[in-house]
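> Sequence first, then the predicted structure, then my questions.
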Amino acid sequence: MSRKTLLRHGRSFATVLTTLILGALLVACGGNGKEGSGTSSQRASAASLPRAPEGVVARVGPISITQATFNRWFTAEVSTEQSAFRTVPVPPYYSACIDHLRQVFEDSGRKLPVPSHAEARSRCAKQYQETKARVLNGLITGEWVVGAAEELGLKLSEPIVELKLMEANHKRFSSEAGYRAFLHETGQTPGDARFRTRVELLDEAIRTRLKEKVGAFTPGRVAAYYNAHRASYSEPETRDLHIVRVETLAAARKVRNEIASGSSFADVAASVHVPQPIFSKNGLVQGLKQHAYSQPPLNDAIFAAKPGELSRPIHITLGYYVFELTKIHPPRVKPLSAVSAKIKRDVSKSLQERALAAFISRWREHWSAQTVCAPGFIVRRCRQYKVTASTPKDDASSFD
């Protein structure tokens, strides 16, 4: 049993389809006839790609991903590359790929240095490995999505899939003939397009089901969450004060005497011609929080002071400070009415994201154990794949 599918690893369905469309248009509009013949040679070359035993590159549970499916999508992927890499790289010699790559550089009219045979071979080998990984990981991931949906009891009728596909085609193609030409140029079949659309819809359906499991945040649920996390909605004590900064102890004693004699902090701060403390404006700081002034001598003095007392000069690395506390705002808990909308929005979203991440983590572990790949076709999604320190981490919220 096999399904024909491509969900390009690390890309959404829409991105994949758009990429393939652009590739098809580039091939179709080559103008000199070479690109068209290149497509034929690509398909011929695909038949020469490394073969898997029994013609199966991977098995996902009872589902087989056949050599023919892999070859077809490998060719389609190559058709979306830049012109220099639009010949199927066939190991171990990569002869056609090397010749085509060097010819493209030669035809550039010396605008680009022609790579040596060894350099071209290295690029073709890299292209083969990267394309193989993208295509096969995508094929496997598509089967995983279908399997996950089946486990959740999610089903899609064929009319829904056809309607979605028609809507997508209407946006991207001017006619049915254009759609058929796209399938021909990329080597796809109508079944491939339908299955790709099915996977996109199932991806959305799984996410919706998980959101439903988290449930709606009713007023009662919001209130329960608020009461359980009341400390998270508390505001710490803050203080209002007048303050001035000078450079020397002598200057600090002088401005303190002026303020004690009736001069205002605003007037004194304007007269000293020294940059004043952060958060202050005209000698006034409002709503200062603990450790907003990071050096302990000044912070500790402010939060130990009593309103109305003029401080002694306080020395820190930035200079000398004189301040007078004017008001203490005690700590308070924000009322439920002030935070209910935020709880409903942010907490609900956070729980949904956590539920999705937990599901995807279990999904990957379960389906990776069910996925066996043929020798020479072992990629990230295969059970035999060995994760190393350099292996990129999966996106916790993505089915790709």
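Everything's here; your move. Note that the structure is predicted; figures quoted are calculated from it, not measured. Numbering: from 1, shown residues only.
> drop to CA atoms for contacts and neighbour counts, all remaining ones
Noted.
> Between the two ends of stretch 296-315, how far is it?
Between the opening and closing residues of stretch 296-315 lies a distance of 10 Å (CA to CA, to the nearest Å).
> Run the chain-centre distance for that stretch.
Using CA atoms, centre = their mean, to the nearest Å, the distance from the centre of stretch 296-315 to the centre of the chain it belongs to is 47 Å.
> Show me what the strand or helix carrying R362 is packed against.
Assigned by DSSP states H and E, R362 belongs to helix 348-369. Helices and strands in packing contact with helix 348-369 are listed as helix 117-151, helix 190-214; criterion 3 or more CA pairs under 8 Å, 6 or more residues apart in numbering; DSSP states H and E.
> Minimum distance to P392: which of the ones you listed has it?
Proximity to P392, assessed across the helices and strands packed on helix 348-369 by CA to CA, is greatest for helix 117-151 (13.3 Å).
> Specify the angle between the closest one and helix 348-369 in degrees.
Orientation of helix 117-151 against helix 348-369 (axes from the mean of the first three to the mean of the last three CA atoms, to 10 degrees) gives an angle of 110 degrees.
> Can you check what angle separates the following helix or strand past helix 117-151 from helix 190-214?
Using DSSP H and E, the helix or strand that directly follows helix 117-151 along the chain is helix 158-172. Here helix 158-172 runs at an angle of 110 degrees relative to helix 190-214 (the same axes, to 10 degrees).
> Would you check the distance separating the following helix or strand past helix 158-172 from the middle of the chain?
Once helix 158-172 ends, the next helix or strand along the chain (criterion: DSSP H and E) is helix 176-186. From the chain centre to the centre of helix 176-186 is a distance of 32 Å (CA atoms, centre = their mean).
> before we move on, what about stretch 248-261?
The offset between the C-alpha centroid of stretch 248-261 and the centroid of the whole chain comes to 57 Å, using CA atoms, centre = their mean.
> Use 665 as the first number from now on
All set: I'll call the first residue 665, so the last point we hit is now stretch 912-925.
> any residues touching it, and which ones?
Taking contacts as CA atoms under 8 Å, 6 or more residues apart in numbering, the residues outside stretch 912-925 that touch it are R909, V910, F929, V932, L974, R976, P977, G983, Y984, Y985, V986.
> List only those of those flagged as buried.
Applying a neighbour-count criterion of 16 or more other CA atoms under 10 Å, the buried members of the contacts of stretch 912-925 are R909, V910, F929, V932, L974, P977, G983, Y984, Y985, V986.
> Which of those residues fall in strands?
Of those, the ones assigned to strands by DSSP state E are R909, V910, G983, Y984, Y985, V986.
> The second one contacts T981, correct?
No - proximity of V910 to T981 does not meet the contact threshold set by CA atoms under 8 Å, at 11.5 Å.
> thought P753 was touching C788?
Yes - checked against CA under 8 Å, the pair P753 and C788 is within contact range at 5.6 Å.
> hmm, back to that, ranking the helices and strands packed on helix 1012-1033 by burial, who's on top?
helix 781-815 (a mean of 20; mean count of other CA atoms under 10 Å).
> and it, how far out from the chain's middle?
With CA atoms, centre = their mean, you get 20 Å for helix 781-815.
> now stretch 927-937
On CA atoms, centre = their mean, the centre of stretch 927-937 falls 52 Å from the chain's centre.
> Contacts for it, please.
Applying CA under 8 Å, 6+ apart, the set of residues contacting stretch 927-937 from outside is H906, I907, V908, R909, V910, V919, E922, I923, Q940, N946, G947, L948.
> try 10 Å
Contact partners of stretch 927-937, identified using CA atoms under 10 Å, 6 or more residues apart in numbering, comprise 906-911, 915, 919-923, 939-940, 945-948, 986-988.
> Pull out the buried members of these.
Of all these considered here, the ones buried according to neighbour count by 16+ other CA under 10 Å are 906-911, 915, 919-920, 923, 940, 946-948, 986-988.
> any idea how far H979 lies from H906?
With CA to CA as the criterion, H979 and H906 are 16 Å apart.
> now swap in E741 and tell me
E741 sits 68 Å away from H906, taking CA to CA as the criterion.
> Likewise for P971?
For P971, the distance to H906 under the criterion CA to CA works out to 11 Å.
> just L874 next, same as before
Using CA to CA, one obtains 54 Å as the distance from L874 to H906.
> about what we covered before: can you redo the helices and strands packed on helix 1012-1033 as JSON lines with distance to K1006 and mean pLDDT?
Written out in JSON lines, the entries for those read as follows (distance: least, CA to CA, whole Å; pLDDT from 0 to 100):
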{"stretch": "helix 781-815", "distance to K1006": "32", "mean pLDDT": "95"}
{"stretch": "helix 854-878", "distance to K1006": "17", "mean pLDDT": "91"}
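> closest one to S821 among those?
Relative to S821, the nearest member of the helices and strands packed on helix 1012-1033 by CA to CA is helix 854-878, separated by 9.4 Å.
> domain ranges for this structure?
When the chain is parsed into structural domains using automatic domain parsing, the resulting residue ranges are 677-878, 883-895+999-1023, 901-994.
> mind putting those in TSV, distance to P1056 included?
Supplementary listing: the domains of the chain in TSV, determined by distance: least, CA to CA, whole Å:
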stretch	distance to P1056
domain 677-878	13
domain 883-895+999-1023	17
domain 901-994	39
